[in-house]
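Asker: Just need the structure, nothing else, for what follows:
(one chain, ligands or ions: 2)
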Amino acid sequence: MNRDWIATARTLSEALPYLQRYDDAIVVIKLGGHAMGSDEAMETFARDVVLMRQVGVNPVVVHGGGPMINEMLGRLDIQSEFVNGKRVTDEATMEVVEMVLSGRVNKRIVAAINAQGGRAVGLSGKDANLVTCTPANPELGLVGDPTKVDPSILHTLFRDDMIPVIAPLGAGENGETYNINGDTAAGAIAAALRADRLLLLTDIDGVRDAEGRVITELTAQDIHDLVADGTIAGGMIPKTETALAAIEGGVRAVVILDGRAPNAPLLELFTDHGAGSIIRAK
Ligand SMILES: Nc1ncnc2c1ncn2[C@@H]1O[C@H](COP(=O)(O)OP(=O)(O)O)[C@@H](O)[C@H]1O
Ligand SMILES: CC(=O)N[C@@H](CCC(=O)OP(=O)(O)O)C(=O)O
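Answerer: Ligands and ions are numbered 1, 2, ... in the order given. From the prediction side, this is the model:
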């Protein structure tokens, strides 16, 4: 026999206190474009989300899709540039961003969850006034900063046992469409829900120190210091900024972890091992 069934049973038994702790908890999971790998990886991710729902957690998936947007812009021969980790977004780019995020990427995740027996509902921040935005910065064009999040649609979906899958777009005061960085959108939604956990799934095993070691627990002061001395750079800046804003907004803890590792969300939520870097509310 090449499988240790006793160990499997023990693992389930050991998970009991965690299952009890997270009963009815709200867990927001940001799935970055770089963490969205092969179909097999997507299937594993979808199983984890369905398992969470099955054991009484209310999972919310907020996704990115930067690499998929780049690919489509390339095919259409539209140039694109980033300023401080955010895509400069003109009208033509916005059209492609919406098609890719709300269309291909969102539906791929919805289909994967439904294939595992879940009931996923795909939406964007434009649905049911979920996310209202103002322009982040004139230099960035149609990039939005969330100013108001109305999570009532999400509570409705939780009550009916459905799993929201959200594309990071928002509506302006006059109905315009804005492109929101996926981490920023996930943080704002998690804060509006007063989520128990925000998991930021990315392509690295956590926030690293100057020697390259993963820092398992980070304080706000550590983040300020590491950003100031350049140890936290590039795409990790919006993530750590999001973590601080989410904690400030009422989220209990934020974890930055490697979404490419199999079962990363389950490892974090339901075992002693934990994963990645955690930032906790005081
Ligand atoms: N101190 C740091 N610790 C970990 N990663 C860092 C750090 N500073 C910069 N990074 C970079 O941030 C990247 C994650 O951001 P990003 O590529 O935008 O992720 P995603 O596409 O998942 O949103 C890492 O792959 C790494 O190259
Ligand atoms: C304003 C802004 O930069 N929006 C992002 C939205 C997608 C995203 O955040 O994707 P990842 O999580 O995969 O990086 C973009 O246009 O690429």
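Asker: Show the pLDDT at the closest residue to ligand 1 within the chain.
Answerer: Nearest to ligand 1, among the residues of the chain, is G235, at 2.0 Å (CB to the nearest ligand atom). The C-beta positions use only the backbone N, C-alpha and C, and glycine is treated the same way. G235 carries a pLDDT value of 83.
Asker: Please apply the same query to the one 3 residues further on.
Answerer: The score at P238 is 88. That number is its pLDDT.
Asker: Also the one 5 residues further on?
Answerer: Note on A243: pLDDT of 97.
Asker: Now for the residue of the chain closest to ligand 1: which residues touch it?
Answerer: By CB atoms under 8 Å, 6 or more residues apart in numbering, G235 lies in contact with 85, 202.
Asker: quick one, strands of the stretch 1-150 of the chain?
Answerer: 26-31, 58-63, 82-83, 86-87, 120-124, 131-135, 144-149 (DSSP state E, counting those that start in this stretch).
Asker: Show me how far the fourth one is from its chain's centre.
Answerer: What separates the centre of strand 86-87 from the centre of its chain is 17 Å, taken as CA atoms, centre = their mean, to the nearest Å.
Asker: Report the separation between C133 and ligand 2.
Answerer: C133 is 11 Å from ligand 2, where distance means CB to the nearest ligand atom, to the nearest Å.
Asker: actually S13, not the one I wrote
Answerer: For S13, the distance to ligand 2 - CB to the nearest ligand atom - is 36 Å.
Asker: Repeat that for I26.
Answerer: 21 Å.
Asker: if I pick that residue, what's in contact with it?
Answerer: 57-58, 60, 158, 190, 193-197.
Asker: mind redoing it with 10 Å?
Answerer: Counting by CB atoms under 10 Å, 6 or more residues apart in numbering, I26 makes contact with 57-60, 151, 154-155, 158, 189-190, 193-198, 251-252.
Asker: That one pairs with what?
Answerer: N58 (DSSP bridges).
Asker: Burial check on the residue in the stretch 101-250 of the chain that ligand 2 sits nearest to, number of neighbours?
Answerer: When scored by CB to the nearest ligand atom, the stretch 101-250 of the chain has G182 as its residue closest to ligand 2, at 3.1 Å. Residues lying near G182 (other CB atoms under 10 Å) number 25.
Asker: Distance check, it against L200.
Answerer: 9 Å (CB to CB, to the nearest Å).
Asker: Using PDB, write out every CA atom in stretch 227-238.
Answerer: The C-alpha coordinates for stretch 227-238 follow below in PDB (Å, rounded to 0.1, in the frame of the first residue of the first chain):
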ATOM      1  CA  VAL A 227      10.100  49.600   2.100                       C
ATOM      2  CA  ALA A 228      12.200  52.500   3.100                       C
ATOM      3  CA  ASP A 229      15.500  50.600   2.700                       C
ATOM      4  CA  GLY A 230      14.400  49.100  -0.600                       C
ATOM      5  CA  THR A 231      14.200  45.400   0.600                       C
ATOM      6  CA  ILE A 232      10.500  45.400  -0.300                       C
ATOM      7  CA  ALA A 233      10.300  46.500  -3.900                       C
ATOM      8  CA  GLY A 234       8.300  46.200  -7.200                       C
ATOM      9  CA  GLY A 235       5.100  44.200  -7.000                       C
ATOM     10  CA  MET A 236       5.600  43.500  -3.300                       C
ATOM     11  CA  ILE A 237       5.000  47.200  -2.500                       C
ATOM     12  CA  PRO A 238       1.300  47.300  -3.400                       C
END
